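Colleague: give me coordinates for this.
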Amino acid sequence: MFTFSLTFVRHGETQYNRDRLLQGQGVDTPLSETGLQQAEAVGRYLRGITFNDVFASNLQRAIRTAEIILTNSAHSSGTEMVLEPLLRERGFGVAEGRPKDDLKNMANAAGQSCRDYTPPGGETLDQVKLRFKKFLKVLFKRMLDEHWRPAPGERGAANGAEAAGPGAAPAGAADDGLAGVPVHALVVSHGAYIRVAVKHLVEDLASLLPAGVKMSQLFSPSPNTGVSRFVFTLSRGEGGPVLSACRCVFTNRKDHLGSVAAAV
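Modeller: Numbering: from 1, shown residues only. Next up is the predicted model:
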């Protein structure tokens, strides 16, 4: 068995975020000045973690955030970044570039909740989840192929911390949940996408949860540069990697943003 951590980071703020305009995939705006400060702050927060693999959505707001995180890293500045289209934001079709209130009005007119509504030309939540499932398949294979080196006769022994153990309550440290975990991956993506990813890991893959956590906290929207972390244990099966255990360490953490908020 092989254990690794996956840290999600939402990109920094853009002017569209500030103005409450939908970006999706068709609108690709740069980070605002505040977004650059947020990216620097999360980079400093994660500075001591050695990320063996770094994946980013191929939209510029995610790429720039990942670049800044790597620049700040004490151990991973030379790690190659993989630009992954499967990590792109949910497509919002005709609603992209328009105020978020327009999406709410469109959903109301259709008799649906805003969260579940799919505007014309947009992606359904199930389509976004399918993209994430495809990414997990790619990720799991890469983790085993590149990082698992079991000793002879080690079949069944865990390589690193056992993800099935109970989750400790988040303490706010950047390395929470990483004790004994040998390999770490970073994903820089988008708010709606990360929300779908977390729901899939918790609801469909039965991730173990931190003690005392509320579902409303788990599934709340991630702030810009919000940090979430899961730990996975994999094994090899005849058809490829098999997920043996999944544990949520924390979601939507924003401890690092205090100094940015004070400066804005």
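
Colleague: so where do the helices sit in the protein?
Modeller: Per DSSP state H, the chain carries helices over the ranges 15-18, 33-45, 60-72, 100-109, 125-147, 191-199, 215-218, 258-263.

Colleague: closest one to Leu243 among those?
Modeller: Nearest to Leu243 among the helices of the chain is helix 125-147 (7.0 Å), distances taken as C-beta to C-beta. (Each C-beta comes from the backbone N, C-alpha and C, glycine too.)

Colleague: what comes up buried for that closest one?
Modeller: Leu125, Val128, Lys129, Arg131, Phe132, Phe135, Leu136, Leu139, Phe140, Met143, Leu144, His147 (16 or more other C-beta atoms under 10 Å).

Colleague: distance check, the nearest residue to the first one once chain neighbours are set aside against Glu203.
Modeller: In space, Leu125 comes closest to Val196 once its chain neighbours are excluded; the distance is 5.9 Å by C-beta to C-beta, 6 or more residues apart in numbering. Separation of Val196 from Glu203 (C-beta to C-beta, to the nearest Å) stands at 11 Å.

Colleague: so between the two, which is more surrounded?
Modeller: Val196 (23 against 12; other C-beta atoms under 10 Å).

Colleague: from what I can see the more buried one touches Asp126, true?
Modeller: No. Contact criterion C-beta atoms under 8 Å: Val196 and Asp126 do not qualify, at 9.1 Å.

Colleague: show me what contacts Leu139?
Modeller: Leu6, Phe55, Ala185 (C-beta atoms under 8 Å, 6 or more residues apart in numbering).

Colleague: burial count for the first one?
Modeller: Number of residues near Leu6 (other C-beta under 10 Å) recorded here: 23.

Colleague: cool, and the last one?
Modeller: If you count neighbours by other C-beta under 10 Å, Ala185 ends up with 20.

Colleague: show me what contacts it?
Modeller: Taking C-beta under 8 Å, 6+ apart as the test, what Ala185 contacts is Phe4, Ser5, Leu6, Thr7, Phe51, Asn52, Asp53, Val54, Phe55, Leu139, Met143.

Colleague: run through the bridge partners of it.
Modeller: Ala185 has these beta-bridge partners by DSSP bridges: Leu6, Asp53.

Colleague: next one: it from Thr7, what distance?
Modeller: 7 Å.

Colleague: give the residues shared as contacts by those two.
Modeller: By C-beta under 8 Å, 6+ apart, the residues touching both Ala185 and Thr7 are Phe51.

Colleague: ok, so of the buried residues of helix 125-147, who is nearest Leu208?
Modeller: Among those, and counting by C-beta to C-beta, the member closest to Leu208 is Leu136, at 16.9 Å.

Colleague: I am finished for the moment; much appreciated.
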